[in-house]
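Trainee: show me how the following folds:
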Amino acid sequence: MTDALLTPYDTADYLDSPERIAAYLDAALTEDDPALVAHALDIVARARGLARGEVQAGAPHLTAVIDLLDRLGLRMSVAPLEAP
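Mentor: Numbering: from 1, shown residues only. A predicted model of the protein is given here:
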């Protein structure tokens, strides 16, 4: 038996385009779990070189928005901005 060489997996390494980021965040939003969405936003922020505190500061507001949309029978989605 040979020893396998495993490398750490980091989702941020694969979020290299607006389309991939939007798809990743949109998938997280379908779970209706504010903690999961905040975690996904943290990973995206890291992939884009933003400070972690920027996402954590907005987490309580994100929870409120997701809860409100849920009570209204709606959900948020993410799409990349169109190029100017």
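
Trainee: now do Val65: how many residues are near it, please.
Mentor: 14 (other CB atoms under 10 Å). All C-beta atoms are positioned from the backbone trio N, CA, C, and that covers glycine.

Trainee: show me what the helix or strand hosting it is packed up against.
Mentor: Here Val65, judged by DSSP states H and E, is contained in helix 52-71. Counting contacts by 3 or more CB pairs under 8 Å, 6 or more residues apart in numbering; DSSP states H and E, helix 52-71 packs against helix 34-47.

Trainee: hang on, the earlier thing: what is the mean pLDDT for the helix holding Val65?
Mentor: The average pLDDT within helix 52-71 is 81.

Trainee: export only the CA atoms of that helix, formatted as CSV.
Mentor: C-alpha atoms of helix 52-71 as CSV (Å, rounded to 0.1, in the frame of the first residue of the first chain):
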residue,chain,number,x,y,z
ARG,A,52,-13.2,38.8,7.5
GLY,A,53,-14.7,41.3,9.9
GLU,A,54,-16.6,43.0,7.0
VAL,A,55,-18.8,39.9,6.6
GLN,A,56,-19.2,39.2,10.3
ALA,A,57,-20.3,42.7,11.0
GLY,A,58,-23.2,42.3,8.5
ALA,A,59,-24.3,38.8,9.7
PRO,A,60,-27.1,40.0,12.1
HIS,A,61,-28.6,42.1,9.3
LEU,A,62,-28.4,39.2,6.9
THR,A,63,-30.3,37.0,9.4
ALA,A,64,-33.0,39.6,9.7
VAL,A,65,-33.3,40.0,5.9
ILE,A,66,-33.5,36.2,5.3
ASP,A,67,-36.0,35.8,8.1
LEU,A,68,-38.2,38.6,6.7
LEU,A,69,-38.1,37.2,3.2
ASP,A,70,-39.0,33.8,4.5
ARG,A,71,-42.1,35.2,6.3
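
Trainee: got the buried residues for that helix?
Mentor: Val55, Ala59, Leu62, Ile66 (16 or more other CB atoms under 10 Å).

Trainee: export the residues you listed to a markdown table and tack on distance to Asp13?
Mentor: A markdown table is the format used below for the buried residues of helix 52-71 (distance: CB to CB, whole Å):
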| residue | distance to Asp13 |
| --- | --- |
| Val55 | 18 |
| Ala59 | 23 |
| Leu62 | 24 |
| Ile66 | 27 |
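
Trainee: thanks again, I'm all set now.
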